[in-house]
Every structure is written in C-alpha cells, then in structure tokens.
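Engineer: Give me coordinates for this.
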Amino acid sequence: PAVRRLAREKMDADRRAARASRRPLVWRLGVWMMASSLRRCSASDAMSYNGGSLLAMSGKQCVAVVADTRLGAGNALVAEGASRVLECGSRCVVAMRGLHADVQTLIEDLDARLRLRWIESGGREAGPRATLEPAALSSLLSVLLYGTRLSGETRSPPLFLEPIIAGVDRGGDAFLSAQDSLGAELLSPTYVVAGTAAHSLHGACEALYRPDLPPDDLLDLAVRCMAAGLNRDCLSGRSVVVYLLTPAGTQRHHRALGPPVFDPS
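Structural biologist: Presented below is the predicted three-dimensional model:
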C-alpha cells in the first residue's frame, strides 16, 4: 500500500507539472487570438467599415475643413471620390464620416430640409438652400440624429456616423462643433477631428496648431495636420477636399496626399 500511495503521489505531481508547463503556451495562444479578433473588429465595425477622417480648424475670422475622399470596404479600397461634405449656405459646411449609406441618407435629408426652408422663405436668400447660422445648423442636426432612434413604434438604432459642423457667423467668429451618432454636441474654439485617424489627428493638431492664423496659413496648416494623421492610418487617405470658410464665402480646393492608384494599362 505504501508503494502504491507513493506511485499515485508521483503521478499526481507529474500531472500538475505537465499542466503548469502547458499553461504559458495556452495563455499566449489565447492572448494572440484575442488581439487578432480585436484587430479584425476595429477594421470591420459599422462606424469604421468605410473609413474616412475629418478635420476642422479655426483661424482669424476663418475656418478650414479637410475631408479625405477614400471610400473603402474594410481594408480594401473601393473608390476615391467619396462625398462627405454638404455646403449649407456661403459660410457653413457639414462634414460626416461613418457608414457611407447612413452618411448619404443624412446628407440628403438635411439637404431636402434646407431646400424646403429656402422655398418657404420665398427665395429671398441666395439659393438653392436656406442659409442658417452655424449654431442653428448644429442644433438642427442634433435633433435629427436623436430623432432617428425614436422613429416608429420601437426605438431604432442610431445612424452610424459622426458629423462636424463648421462655419463663420455674421460677426466673423469661427464656430466648430463635433457630434456623436446620437447628436451629443462638443464645441471647440480651436479644432475638432473625427474618423479612423482621429487619434493621430489629435496629436498633429496639438503639436502644430496656432491661434488667429490668416486664411492662407490656416489652409496650409490644416492640410499638413491632415497629411500627418492620414500617414498613420490605413482606412483613410488618398486625396482630400479642403473648404476654406470666411465671411466673404466658401472656397473649395483639392489636394492629393498620396501616390496615384496603380494603373496596369
């Protein structure tokens, strides 16, 4: 009996030692699988599936808005002419990023409301859309976003997008607002960013931003910050569209940040 007891104790000790030796390998395998799944989710969730990044920056009586034109499906490039910006009058724009179908839906809805408001006003303003102050436009968009989840008999999911409202009011002061998918508003006197490259854009803007820049200097600085952020993100990039807003009106520029797409022909 004593020999059998010692043999069982030896076998139990060997089993415990074997389990302990296998545990680090199993733990490392689990961590690797978790990291891989997180990387897949970050590139395929609804908000980041189509990619896209936005940047708005204020200067002295001017605002620069930069939006990339890449349209992707996860890590794949689908097109380079994505439209994410709606000009609302001569001194205000709305830029959105997120699921492209939701972005186009909200842009068309907002465009229709502004056109109807312009018709109801008798066309006294320069059309074809009514001119709203940036703060009023931001409030309208916040109501629209929150209203989407209350439509119908049951609460529907919100739109998968994040808008940025930028403009210059009648007094020449810059206005910047960023919202989430439910319309929660964040106002900033300096800059706002959104998109898959938001973390990189925050770092570039914090390092390079200077207040009260004139329009031309502000435009160059905004493009530099956007290029620095997009160089560190694979879901945004290619060319960008830049809107420079001043009390005199809106100027639209195209800037190419990356090499042209390979053409096998």
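
Engineer: I'd assumed residue 163 was in contact with residue 186.
Structural biologist: No: using CB atoms under 8 Å, residue 186 is not in contact with residue 163, being 11.1 Å away. Placement of C-beta: from N, CA and C, glycine included.

Engineer: Comparing these two, which residue is more hemmed in?
Structural biologist: residue 163 (30 against 11; other CB atoms under 10 Å).

Engineer: measure the more buried one to residue 15 for me?
Structural biologist: Using CB to CB, to the nearest Å, residue 163 is found at 60 Å from residue 15.

Engineer: go on, residue 193?
Structural biologist: In terms of CB to CB, residue 193 sits 55 Å off from residue 15.

Engineer: Who has more neighbours out of those two?
Structural biologist: residue 193 (26 against 10).

Engineer: so the more buried one touches residue 53, yeah?
Structural biologist: Yes: the pair residue 193 / residue 53 is scored as a contact, 7.3 Å apart, by CB under 8 Å.

Engineer: Can you show me the strands along the stretch 1-150 of the chain?
Structural biologist: Under the criterion DSSP state E, counting those that start in this stretch, the stretch 1-150 of the chain carries strands at the ranges 53-58, 63-68, 71-73, 76-79, 85-87, 92-98.

Engineer: Of those strands, which is nearest residue 143?
Structural biologist: Residue 143 lies closest to strand 92-98 among those, at 13.8 Å (CB to CB).

Engineer: now the closest one and strand 53-58, what's the angle there?
Structural biologist: Angle, strand 92-98 to strand 53-58, by axes from the mean of the first three to the mean of the last three CA atoms, to 10 degrees: 150 degrees.

Engineer: tell me the mean pLDDT over strand 92-98?
Structural biologist: For strand 92-98, mean pLDDT is 94.

Engineer: quick one: it to chain centroid distance?
Structural biologist: 9 Å (CA atoms, centre = their mean, to the nearest Å).

Engineer: Tell me where the stretch 1-150 of the chain has helices.
Structural biologist: Using DSSP state H, counting those that start in this stretch, the helices found in the stretch 1-150 of the chain span residues 2-44, 100-120, 134-148.

Engineer: circling back: now do the shared contacts for residue 193 and residue 53.
Structural biologist: Shared contacts of residue 193 and residue 53, defined by CB atoms under 8 Å, 6 or more residues apart in numbering, comprise 201, 229.

Engineer: still on that earlier bit, mean neighbour count added to the strands of the stretch 1-150 of the chain, as JSON lines?
Structural biologist: As requested, the strands of the stretch 1-150 of the chain are exported to JSON lines (neighbours: other CB atoms under 10 Å):
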{"stretch": "strand 53-58", "mean neighbour count": "28"}
{"stretch": "strand 63-68", "mean neighbour count": "28"}
{"stretch": "strand 71-73", "mean neighbour count": "18"}
{"stretch": "strand 76-79", "mean neighbour count": "12"}
{"stretch": "strand 85-87", "mean neighbour count": "19"}
{"stretch": "strand 92-98", "mean neighbour count": "27"}
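
Engineer: Ok, which of those strands comes nearest residue 206?
Structural biologist: strand 53-58 (11.7 Å).
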